[in-house]
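[1] Sequence and predicted structure, then a few things I'm wondering about:
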Amino acid sequence: MATLFCRWTEEARAAAEAYVAACDAQFSAMAGEAGGVWAHLRQDRDGGWVAPLFGPPWPTTETAVAEPEDCVVLRAGAVVIDRPAWPQEDDV
C-alpha cells in the first residue's frame, strides 16, 4: 500500500502547517538528525492543503510506525485520502 495523505480545506492552512511542523519534529527525532523534514505542504487542484500522513503504511521500513498522538490531534480537521488531485502542469 502506498503512502496516505491528509487534506485540509483551503481556509485551514494554519492547521495544515501546524501538522507538518509537528511531523517534521517527530521525523527529526526518529531519524536522529536535526532539522529533518517529513513533508512539504502543497495545494491540490481545488486549493486544499495536502501533506503525507505521518503513520502507516510505511513502505520503506519493516517495522510499523504509529502516528504520534500530537500529530493525530493536529490533523483533526483533515480528511485522510489515498491520492491527491494535483494541479495539471499547464494549470500552474
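    Structure received. All values reported here derive from a predicted model rather than from experimental measurement. Residues are numbered from 1 along each chain as shown.

[2] ok, Gln43 - contacts?
    If a contact means CB atoms under 8 Å, 6 or more residues apart in numbering, then Gln43 has 10, 49-50, 87 as its contacts. Heads up, the C-betas are built off the backbone N, CA and C, glycines and all.

[3] How about Asp70?
    Contact analysis of Asp70 by CB under 8 Å, 6+ apart lists 22, 26.

[4] Remind me which helix or strand it belongs to.
    Per DSSP states H and E, Asp70 falls inside helix 69-74.

[5] Quick check: neighbours of the very next helix or strand once past that helix in the sheet, parallel or antiparallel?
    Using DSSP H and E, the next helix or strand after helix 69-74 towards the C-terminus is strand 79-81. According to DSSP bridges, strand 79-81 has the following sheet partners: strand 5-8 (antiparallel).

[6] what's in contact with whatever helix or strand comes next after the strand it pairs with?
    Towards the C-terminus, the helix or strand next in line after strand 5-8, according to DSSP H and E, is helix 13-31. Here helix 13-31 makes contact (CB under 8 Å, 6+ apart) with 6, 8, 34-41, 49-51, 54, 65, 68, 70-71, 74-75, 77-78.

[7] Return the subset of the contacts of Gln43 lying in strands.
    When DSSP state E defines the strands, the subset of the contacts of Gln43 inside them is 49-50.

[8] ok, of the contacts of Gln43, which come out buried?
    For those, a burial check counting by 16 or more other CB atoms under 10 Å picks out 49-50.

[9] from the contacts of Gln43, which has minimum pLDDT?
    Model confidence across the contacts of Gln43 bottoms out at Pro87, which has 91.
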